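1. I would like to see how this sequence folds:
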Amino acid sequence: MARDLPKKLRLTLSALGCRTQKELLGKLLTVNPQTAFTPDKAYKWMRGAATPRDPAIYADLAAALGLDGGAAAFRDGALEAFEAALRARHPHLALAADASSAEAGTRSTTVHACFSPA
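-> Numbers count the residues shown, from 1 in each chain. So this is what the prediction gives:
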């Protein structure tokens, strides 16, 4: 089972400059025209209600992000390592710990992205 999948998907959207799952699909289709990723499934994954059944989806996401560890880095890696890899590959991505979670002794990731016109 994927670790921290909803958070990783939100970070992926931001890193790739996508605002919706449909936009993410467009990015994944450039990596793999036969991707099994669909926006409908992604909505469930982002809510934590389900996980991808096709392991190739993790490979597609990792390839779109340019992650060195491939599918395993996306699926099994710790959230902190995933964030560090994203920051290294996508310097425009800014991550900030949620202040209320920090006070409670837990860590929550809030994504802030800068979108610049192409």
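2. Let's verify residue 86: helix, strand, or coil?
-> What DSSP: H, G, I helix; E, B strand; the rest coil gives for residue 86 is helix.
3. got a list of what it touches?
-> Contact analysis of residue 86 by Cβ atoms under 8 Å, 6 or more residues apart in numbering lists 11, 15, 65, 93, 95. Placement of C-beta: from N, CA and C, glycine included.
4. Surely the fourth one and residue 84 touch.
-> No - using Cβ atoms under 8 Å, residue 93 is not in contact with residue 84; the gap is 11.0 Å.
5. So which of these two has more stuff around it?
-> residue 93 (19 against 13; other Cβ atoms under 10 Å).
6. Ignoring the adjacent residues along the chain, who's closest to the more buried one?
-> residue 15 (5.0 Å; Cβ to Cβ, 6 or more residues apart in numbering).
7. Could you give the number of residues near residue 81?
-> Residue 81: 12 surrounding residues under other Cβ under 10 Å.
8. how close does it get to residue 92?
-> The gap separating residue 81 from residue 92 is 20 Å, by Cβ to Cβ, to the nearest Å.
9. Report the contact partners of the residue lying closest to residue 24 once chain neighbours are set aside.
-> Leaving out its chain neighbours, the residue that sits closest to residue 24 by Cβ to Cβ, 6+ apart is residue 18, at 4.5 Å. Taking Cβ under 8 Å, 6+ apart, we find residue 18 in contact with 12, 24, 26-27.
10. so where is this protein shaky, pLDDT-wise?
-> Low-confidence segments of the chain, defined by pLDDT under 70: 1, 94-118.
11. all strands for the protein, in order.
-> Assigned strands in the chain, in chain order: 93-97, 109-113 (criterion: DSSP state E).
12. The residue nearest to residue 24 and residue 76, how far apart?
-> 23 Å.
13. what's the neighbour count on residue 24?
-> By other Cβ under 10 Å, 21 other residues sit near residue 24.
14. Can you get me a residue count around residue 60?
-> 22.
15. is it true that it touches residue 32?
-> Yes - here residue 60 reaches residue 32: they are 4.8 Å apart, a contact under Cβ under 8 Å.
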